[in-house]
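In: I'd like to go over a predicted model; first the sequence, then the structure.
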Amino acid sequence: MTQITLRRPDDMHLHLRDGAMLEAVLPETARHFARAIIMPNLVPPVVTARDAAAYRDRILAALPDGMAFDPLMTLYLTEATDPADVAAAHASGLVKAVKLYPAGATTNSQSGVRDFDKVRGVLEKMAEIGLPLCVHGEVTDSDIDIFDREAVFIDRVLDPIRRATPGLRVVMEHVTTKDGIDYIGETEKNLAGTITTHHLIINRNHILAGGIRPHYYCLPVAKRELHRLALREAATSGDKRYFLGTDSAPHPDHLKEHACGCAGCFTATNTMALLAHVFGEEGALDRLEGFTSNHGAAFYGLPANEDRITLEKTTTPARFPAKIDTGAGTITVFDPGFPVHWQVRD
Ligand code: NCD
Ligand code: ZN
């Protein structure tokens, strides 16, 4: 196969930030993607319907002329979130999901949830109106090893929430373990998982062996190879419960290459080419469209995109910018560490 045409993809987990960073990274996504679920972990976070409407306006204002892109907004769940505000934001069509960050789990999650009983009312309202909950699935207890945090989250938090509110539709975001894949695989309804591009490519050795590579550090952190293989199998299986959420998360280089470097891989620029490479390696190019363009839209009850993009195979390795200059510092584009022979045709 030398080229493949897909429905224009959607990115069901994306960090666009704000201000100068937003301006620089938005075109990287909008060039290939029709829509994205926009993460609300700004400082301060996007908590109310009003915050989400204002952030959506800022995103649309930053979109270059001639580009089309539909930001699908989310609300950041706090212990003070008002169920009526959430319901109104959903009813107006503004908000497509609510995001649960356990307090302290990742970048800008200080306002997240500590006591899950305090958000029960919101979760019940969401189940009633069919609004999905996106979860950052890691516990934050300091006595839990960072590589075990996803598996422990399933047992201690996710499964109890789903049992207490069975009608709640949940997206387990950026699944990084076989445990996560097994949990989703056992569930018949109301649960899906997003998988990032980078977790299909790197395992924890890529971060730590032969020198520490800060640009491969993200949360949830990449795990052992057996987990990466389980993610690859799930993503390329054609199973509708798995879809792309890149978790492309830009941070300026000076904060990544730091004594206490931030978590996040920036993959918006080359994600589609990298996925074509991965799906090609797995002999599953015919399933790429399901993963990037159909399953997510179906889960969120959105119409499939009518527009198409074409990926073509290149004879010489495709060239992507290594860095992108932004008004908020230079960012590094995810380097898969191998030559890629795919590119999106302009
Ligand atoms: C994200 C960020 O930088 O906002 N970082 C990351 O490593 N993925 C937050 C998140 O999704 O965990
Ligand atoms: Zn994220």
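Out: Nice, I can see it. Numbering: from 1, shown residues only. Ligands and ions are numbered 1, 2, ... in the order given.
In: only C-alpha atoms for contact and neighbour calcs from this point on.
Out: Fine.
In: residue numbers of the stretch 151-300 of the chain in contact with ligand 1?
Out: For the stretch 151-300 of the chain, the residues in contact with ligand 1 (C-alpha under 6 Å from any ligand atom) are 218-219, 247, 249, 263-264.
In: pLDDT, neighbour count and secondary structure added to these, as CSV?
Out: What follows is those, written out as CSV (pLDDT from 0 to 100; neighbours: other C-alpha atoms under 10 Å; DSSP: H, G, I helix; E, B strand; the rest coil):
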residue, pLDDT, neighbour count, secondary structure
C218, 98, 22, coil
L219, 97, 20, coil
D247, 98, 29, coil
A249, 98, 21, coil
A263, 98, 20, coil
G264, 98, 24, coil
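In: may I see the buried residues of stretch 136-152?
Out: Judged by neighbour count using 16 or more other C-alpha atoms under 10 Å, the buried positions of stretch 136-152 are 136-140, 146-147, 149-152.
In: got the contact list for it?
Out: 99-105, 153-154, 157-158, 172-177, 179-180, 220-221, 223 (C-alpha atoms under 8 Å, 6 or more residues apart in numbering).
In: start to end distance for it?
Out: Stretch 136-152 has an end-to-end distance of 13 Å (C-alpha to C-alpha, to the nearest Å).
In: quick revisit: which of the buried residues of stretch 136-152 fall in strands?
Out: In strands, judged by DSSP state E, none of those are found.
In: which one of those is nearest ligand 1?
Out: Nearest to ligand 1, judged by C-alpha to the nearest ligand atom, of the buried residues of stretch 136-152 is H136 at 6.7 Å.
In: quick check: pLDDT value at the closest one.
Out: Looking at H136, its pLDDT is 97.
In: for the helix ranked longest in the chain, list the C-alpha coordinates in PDB.
Out: Ranked by residue count, the top helix of the chain under DSSP state H comes out as helix 49-62. Listed next in PDB are the C-alpha coordinates belonging to helix 49-62 (Å, rounded to 0.1, in the frame of the first residue of the first chain):
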ATOM      1  CA  ALA A  49     -19.600  26.600  31.600                       C
ATOM      2  CA  ARG A  50     -18.600  30.200  31.400                       C
ATOM      3  CA  ASP A  51     -14.900  29.300  31.600                       C
ATOM      4  CA  ALA A  52     -15.400  26.800  28.800                       C
ATOM      5  CA  ALA A  53     -17.300  29.200  26.500                       C
ATOM      6  CA  ALA A  54     -14.500  31.800  27.000                       C
ATOM      7  CA  TYR A  55     -11.700  29.300  26.300                       C
ATOM      8  CA  ARG A  56     -13.500  28.100  23.200                       C
ATOM      9  CA  ASP A  57     -13.700  31.700  21.900                       C
ATOM     10  CA  ARG A  58      -9.900  32.100  22.600                       C
ATOM     11  CA  ILE A  59      -9.200  28.800  20.600                       C
ATOM     12  CA  LEU A  60     -11.300  29.900  17.700                       C
ATOM     13  CA  ALA A  61      -9.700  33.400  17.700                       C
ATOM     14  CA  ALA A  62      -6.300  31.700  17.500                       C
END
